[in-house]
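Engineer: here's a sequence, model it:
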Amino acid sequence: HASGRRATSRMTFLPVPIASCHHSPRSSPDTKDFANKYPRKKFWIGKAIPHMVKRKAGEFSDKLLSLQRGLRQFQGKLLRDLEYKTVSVTLDPQSASGYLHLSEDWKCVTYTGQYQSDCLLPQQFDCEPGVLGSKGFTWGKVYWEVELEREGWSEDEEEGEEEEEGEEEEDEEVGYGDGYEDWETDEEDESLGEEEEEEEEEEEEVQESCMVGVAKDSVKRKGDLSLRPEDGVWALRLSPSGIWANTSPEAQLFPVLRPRRVGIALDYEGGTVTFTNAESQELIYTFTTTFTRRLVPFLWLKWPGARLLLRP
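Structural biologist: Okay, here's the model as predicted:
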């Protein structure tokens, strides 16, 4: 019958059993042979890096670091050269704390350590050793510099001090094996004395510092002050132990070089105060906010033997 022939033809095209679909061993790769030929350990066990590769990687890292420094310096120089007007600013003697001494040209301030003011003016800082600039700004882009003069502030002198400290530590370690019992008793007394000295040094480090930046002309000047951006002060704090932005909490900064001259660039409409290393042009930090009051230069100095100078 015709229907029978159709069924037969269909049957001839039915799939063959699954078992017959398997390839012969000759046509499929042997997984064991593959694993033996390419063992896993060859792919994940590390090998010693050749000295040439290490040297090239080190050179590339140095070049990358140099490029980063160059870009930061370029940013600082570009910021200074474009649109910012360099202004000559002076200090307002009526705002100066009694702990501060101003030069006759009102360009330099030093810390005396003793309150020397006979009368207390309404616009004068009392407890905090601060002083404001005499010129204020309510618009535009202006730039000026503050120079810190203090023995030991330069980078070379700092490295020398660190070397001397390292030599002193090595000297202290000599002879620890002799007379152990007696030495152990003495160590307790010495450790207590050293801890007290370290605490005193830490207190001195906190006290020895200065701040440079800008402030609102209406900034609070009486009593203990926090001197933060929310109080109307945008500044850097410089000390022997480091550099910080006066944010809440303070943000420690790590410039390539410790600045002896700090460039301050104020963009009133743009709402930014930018600090740079005036010598290397390195960008240090930028505050961003919205200004609504008159802004004046701000200096704060509690650092015996140091002085701040306004430039130019």
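Engineer: quick one: low-confidence ranges for the stretch 101-250 of the chain?
Structural biologist: 154-207 (pLDDT under 70).
Engineer: can you list the domains in this structure?
Structural biologist: Domain assignment for the chain by the TED database gives 48-83, 85-151+206-311.
Engineer: could you dump these into TSV with mean neighbour count added?
Structural biologist: (Each C-beta comes from the backbone N, C-alpha and C, glycine too.) Formatted as TSV, these follow (neighbours: other CB atoms under 10 Å):
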stretch	mean neighbour count
domain 48-83	12
domain 85-151+206-311	18
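Engineer: which element is residue 53 on?
Structural biologist: helix 51-81 (DSSP states H and E).
Engineer: quick check: mean pLDDT across that helix?
Structural biologist: Per-residue pLDDT over helix 51-81 has a mean of 76.
Engineer: helix or strand next in line after that helix, which one?
Structural biologist: Next element after helix 51-81 (DSSP H and E): strand 85-86.
Engineer: which other helices and strands does that next one contact?
Structural biologist: Packed against strand 85-86 by the contact rule (3 or more CB pairs under 8 Å, 6 or more residues apart in numbering; DSSP states H and E) you find strand 141-149.
Engineer: tell me the helices and strands packed up against the strand it packs on.
Structural biologist: strand 85-86, strand 209-216, strand 261-267, strand 295-302, strand 307-311.
Engineer: ok, it: who's next to it in the sheet?
Structural biologist: strand 85-86 (parallel), strand 261-267 (antiparallel), strand 307-311 (antiparallel) (DSSP bridges).
Engineer: between these, which one is nearest to residue 223?
Structural biologist: Distance to residue 223, taken as CB to CB, is lowest for strand 307-311 among those, at 23.1 Å.
Engineer: dump that closest one to CSV, restricted to CA.
Structural biologist: The C-alpha trace of strand 307-311 is given here as CSV (Å, rounded to 0.1, in the frame of the first residue of the first chain):
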residue,chain,number,x,y,z
ARG,A,307,57.4,83.6,61.2
LEU,A,308,55.0,84.0,58.3
LEU,A,309,55.6,86.5,55.5
LEU,A,310,53.1,87.7,52.9
ARG,A,311,54.4,87.7,49.3
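Engineer: going forward can the numbers begin at 852, since that is how I track them
Structural biologist: In the new numbering, first residue 852, that becomes strand 1158-1162.
Engineer: list the contacts of that strand.
Structural biologist: Identification of contacts with strand 1158-1162 by CB atoms under 8 Å, 6 or more residues apart in numbering yields 939-942, 958-962, 984, 995-1001, 1061, 1063, 1112, 1129, 1148, 1150, 1152.
Engineer: what is the residue lying closest to residue 958 once chain neighbours are set aside paired to in the beta sheet?
Structural biologist: Setting aside the residues directly before and after it, residue 958 is nearest to residue 1161 in space (CB to CB, 6 or more residues apart in numbering), at 4.8 Å. Beta-bridge pairing for residue 1161 (DSSP bridges): residue 997.
Engineer: show the pLDDT at residue 1161.
Structural biologist: 98.
Engineer: quick one: it from residue 1066, how far?
Structural biologist: 15 Å (CB to CB, to the nearest Å).
Engineer: what does residue 908 give?
Structural biologist: Taking CB to CB, one finds residue 908 at 47 Å from residue 1066.
Engineer: again, but for residue 1076
Structural biologist: With CB to CB as the criterion, residue 1076 and residue 1066 are 10 Å apart.
Engineer: check contacts around residue 1096.
Structural biologist: Per CB under 8 Å, 6+ apart, neighbours of residue 1096: 1086-1088, 1102, 1104, 1136, 1138.
Engineer: and if we set it to 7 Å?
Structural biologist: Contact partners of residue 1096, counting by CB atoms under 7 Å, 6 or more residues apart in numbering, are 1087, 1102, 1104, 1136.
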